[in-house]
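Visitor: got a sequence here, can you model it:
(chains A, B, C and D)
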There are 2 protein chains.
Amino acid sequence: MSASTHGPRERIVYVTAQRLRRAGVTGTGLREVVVAADAPRGSLQHYFPAGKDQLVGEALEWAGTWAAERVDEHLARMRRPTPARLFAAIVDDWSTDLAVRAFERGCPVAAAVIDCADTNEAVRQAADSALQTWQRPITDALASMGRTPRRAQALSTLMLCALEGAIVLARAQRDTAPLRLVARELGPVLDA
Amino acid sequence: MSASTHGPRERIVYVTAQRLRRAGVTGTGLREVVVAADAPRGSLQHYFPAGKDQLVGEALEWAGTWAAERVDEHLARMRRPTPARLFAAIVDDWSTDLAVRAFERGCPVAAAVIDCADTNEAVRQAADSALQTWQRPITDALASMGRTPRRAQALSTLMLCALEGAIVLARAQRDTAPLRLVARELGPVLDA
DNA sequence: CCGCTACTATGACAGTTGTCATATGGCGCG
DNA sequence: CGCGCCATATGACAACTGTCATAGTAGCGG
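Guide: Coordinates of the predicted model:
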């Protein structure tokens, strides 16, 4: 959960991802990042010569892989997995994270998209790719539950849409109700 | 669609809302706004003495009411409205807007939430309230279609979650497919 | 010891941010 | 006219942004 490895570089990437979740790309300053990561400022231009874009890109990539691994963890823990149960587990993750952190942080990928989709093509691509990294294990899991590839793809997209939207609503009203709601409502659809 | 009334004040609010959709709150500069609104810079401190927070708040309020009116327009146009058809109409609005504008602009409310939910309580409240303004006519419509108040509320929440998330995914991959997908998948659930 | 590389440290740059103080128009009203 | 108010104009402010140039340190192989 904390920094994967403990070098300054990894800390910077990790901290960046967390800051993105709070205030988006534009709202996250590099100086603030290195301070929070307890890293030297010079490391920025050393490890990320391409500047903020590269750092944000790697933060998104990190977040994508982390989320994907989390999906696999859930699947491993389930004795009789179904699409609805997987979705419920993911939603529950977010629900407790939001509640515990007082709705401080949302999804870094969504933040990147909303801030940069039209102003920074590099970041947009990174966000898109992170999204795919996250979605792939979900799609695969659904396929292994008997859905056709086409159907698995559709259902995983539906999951992510509902989840991302629910996170936004939850943070707006400071209440996890939307998350619980989508899990409940979509359950039958997913397991149909 | 363009500025409601044509005074400088209204133009500023409208332009702000559109800029929010592009780059979020932090990414939208006030000088840039007044230039795009063709308004004098002095009008900012004159009409919005409480500063950026007030302006963003009014932009969100404007957006909320606009979206609510749009819902009513759709309902008025339908001869035999159902929840799924209403949802499809709303999604279609967004779909063409995204496509026409090359995925340049998303939802201003989501942008405000993601940028400010944890850093600016005033804006967060404005976003929450705009969201309610938008959701209310939908809930009412669903109720008038025979759903219980409780059910109508749940379904309208589900709609907004799926929509907001689909907008994010669509902008990430520059494709309206997620929007069309949620409309298709959620149709049966909504009309059940 | 030298030289080399990896990393750190710092200071400066030009640009932008939101906000404020102040001054100037314009126009109706008494 | 002349007072006064609404609106506009403009300049400055300190704080911050991302980026870069430059210098420094440590450690290792030769």
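
Visitor: and chain B, is stretch A:71-87 touching that?
Guide: No. Stretch A:71-87 lies out of reach of chain B by Cβ under 8 Å from any Cβ of the partner chain, never closer than 12.4 Å. The C-beta positions use only the backbone N, C-alpha and C, and glycine is treated the same way.

Visitor: ok, and what's touching that stretch?
Guide: For stretch A:71-87, contacts defined as Cβ atoms under 8 Å, 6 or more residues apart in numbering or on different chains pick out A:89-90, A:93, A:134, A:137-138, A:141-142, A:145, A:147, A:155, A:159, A:163, A:183, A:186-188, A:190-191.

Visitor: do that again at 6 Å, thanks
Guide: A:89, A:137-138, A:141-142, A:155, A:159, A:187, A:190-191 (Cβ atoms under 6 Å, 6 or more residues apart in numbering or on different chains).

Visitor: the residues you listed: which two are farthest apart?
Guide: Pairwise distances across the contacts of stretch A:71-87 peak at 19.7 Å for A:137 and A:187 (criterion: Cβ to Cβ).

Visitor: neighbour count winner among the two?
Guide: Ranked by neighbour count (other Cβ atoms under 10 Å in any protein chain shown), residue A:137 and residue A:187 place residue A:137 first, with 19 against 16.

Visitor: so which strand or helix has that one?
Guide: For residue A:137, the element it lies in under DSSP states H and E is helix A:121-144.

Visitor: how far is the helix or strand that that helix is followed by from where the chain is centred?
Guide: Once helix A:121-144 ends, the next helix or strand along the chain (criterion: DSSP H and E) is helix A:149-173. Centroid separation for helix A:149-173 versus its chain: 12 Å, with Cα atoms, centre = their mean, to the nearest Å.

Visitor: angle of helix A:149-173 against helix B:121-144?
Guide: Relative orientation of helix A:149-173 and helix B:121-144, computed by axes from the mean of the first three to the mean of the last three Cα atoms, to 10 degrees: 120 degrees.

Visitor: buried set for stretch A:89-107?
Guide: Across stretch A:89-107, burial judged by 16 or more other Cβ atoms under 10 Å in any protein chain shown covers A:89-91, A:93-95, A:97-98, A:103-107.

Visitor: hang on, the earlier thing: of the contacts of stretch A:71-87, which is the nearest to DNA strand C?
Guide: Distance to DNA strand C across these (Cβ to the nearest atom of the strand) is lowest for residue A:137, with 31.4 Å.

Visitor: got a list of what the closest one touches?
Guide: Listed by Cβ under 6 Å, 6+ apart, the contact partners of residue A:137 are A:68, A:71-72.

Visitor: geometric centre of chain A: which residue is closest?
Guide: residue A:107 (4.9 Å; Cα atoms, centre = their mean).

Visitor: that one and chain B: what is the separation?
Guide: In this view, residue A:107 and chain B are 8 Å apart by Cβ to the nearest Cβ, to the nearest Å.

Visitor: cool, residue A:61 as well?
Guide: 14 Å.

Visitor: what of residue A:81?
Guide: 20 Å.

Visitor: check residue A:155 too.
Guide: Distance of residue A:155 to chain B, given as Cβ to the nearest Cβ: 8 Å.

Visitor: pretty sure that residue is touching residue A:142, no?
Guide: Yes. Using Cβ atoms under 6 Å, residue A:155 is in contact with residue A:142, at 5.4 Å.

Visitor: what helix or strand does the nearest residue to residue A:132 once chain neighbours are set aside sit in?
Guide: Leaving aside its sequence neighbours, residue A:132 sits nearest to residue A:64 (Cβ to Cβ, 6 or more residues apart in numbering or on different chains; 7.7 Å). Using DSSP H and E, residue A:64 falls within helix A:52-77.
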